[in-house]
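S.K.: what's the 3D shape of this:
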Amino acid sequence: MRRAGAGQDADGRLVWWSVAEGQRGRRWREAIVGGGGLVHSLLLETGPDRRFTHLELATPAGLLTLHPEPDGTLHGNAVTDRGMRHVAGLAWDPDGLVILAGSTIAAAAAGHLLATLLPPGATPAGMSTSQLVLRIAADLSVATAFADVELGTDGRYVVADSGVVATDGDGLPLLDEARSWPLEAA
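M.R.: All right, here's what the predicted structure looks like:
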């Protein structure tokens, strides 16, 4: 899977994205423009097992870097106008979901992982499970908490308090006025 695309999110903002899959997993990228400027730029990496491995986020609030450690915790840092905030020892489950408010790519990556955890062919619509969710706030603070995830009747996933996670059959984001292209030249 090596594609790029553009479209509008549910709030009418312009989203540019790319997904490149290789031996070490997928590298998901996104830039969102709205309100006259860049809302955020995101790099999210997932392993071959679709689990979160690395995140870099740039917003008007600053820069955030996060990654899971083998001991079951998250580590990283946030650089803001108030200085450096370290993230160390935040409990993490490898099957946890990364949720960034307004991020189409974070939602697509979450849906891509959920497809292995709640496969539509084996799970009746309406079934729900509890998943650990990492939420990233506008000020780049991070917190984890368990949230209910439900498989909708249309194959989309609904994460409590985070909305619908909608992807196509390849795990790519679904957007309004969507266009997409291969990353390689023909």
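
S.K.: lowest-scoring secondary structure element of this protein by mean pLDDT?
M.R.: Here the helix or strand of the chain ranked lowest by mean pLDDT, DSSP states H and E is strand 163-165, holding a mean of 62.

S.K.: assign the residue nearest to the spatial centre of the chain to helix, strand or coil.
M.R.: Nearest residue to the geometric centre of the chain (CA atoms, centre = their mean): A106, 1.4 Å. Three-state assignment for A106 (DSSP: H, G, I helix; E, B strand; the rest coil): helix.

S.K.: quick one: name whatever helix or strand follows the least confident helix or strand of the chain.
M.R.: strand 176-182 (DSSP states H and E).

S.K.: what does that next one rub up against?
M.R.: Strand 176-182 is contacted from outside by R2, R3, A4, G5, A6, G7, Q8, D9, A10, L172, using CB atoms under 8 Å, 6 or more residues apart in numbering. To be clear about C-beta, it is placed using only N, CA and C from the backbone, and glycine gets the same treatment.

S.K.: kindly recompute the last result at 7 Å.
M.R.: Identification of contacts with strand 176-182 by CB atoms under 7 Å, 6 or more residues apart in numbering yields R2, R3, A4, G5, A6, G7, Q8.

S.K.: residues in contact with the last one?
M.R.: Contact analysis of Q8 by CB under 7 Å, 6+ apart lists L14, V15, L175, D176, E177.

S.K.: tell me if I'm right that the first one and A31 touch.
M.R.: No: counting by CB atoms under 7 Å, L14 sits too far from A31 to count as a contact (8.5 Å).

S.K.: which strands or helices does the helix or strand containing M84 pack on?
M.R.: Here M84, judged by DSSP H and E, is contained in strand 83-91. With contacts taken as 3 or more CB pairs under 7 Å, 6 or more residues apart in numbering; DSSP states H and E, strand 83-91 sits against strand 73-80, strand 142-151.

S.K.: looking at the ones you listed, which is buried most?
M.R.: Among the helices and strands packed on strand 83-91, strand 73-80 has the highest mean neighbour count (mean count of other CB atoms under 10 Å), at a mean of 17.

S.K.: partner strands of it and their direction?
M.R.: Here strand 73-80 has these sheet partners by DSSP bridges: strand 62-68 (antiparallel), strand 83-91 (antiparallel).

S.K.: can you add distance to W181, mean pLDDT and mean neighbour count and give the ones you listed back as JSON lines?
M.R.: As requested, the strands paired with strand 73-80 are arranged in JSON lines below (distance: least, CB to CB, whole Å; pLDDT from 0 to 100; neighbours: other CB atoms under 10 Å):
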{"stretch": "strand 62-68", "distance to W181": "29", "mean pLDDT": "98", "mean neighbour count": "19"}
{"stretch": "strand 83-91", "distance to W181": "35", "mean pLDDT": "94", "mean neighbour count": "12"}
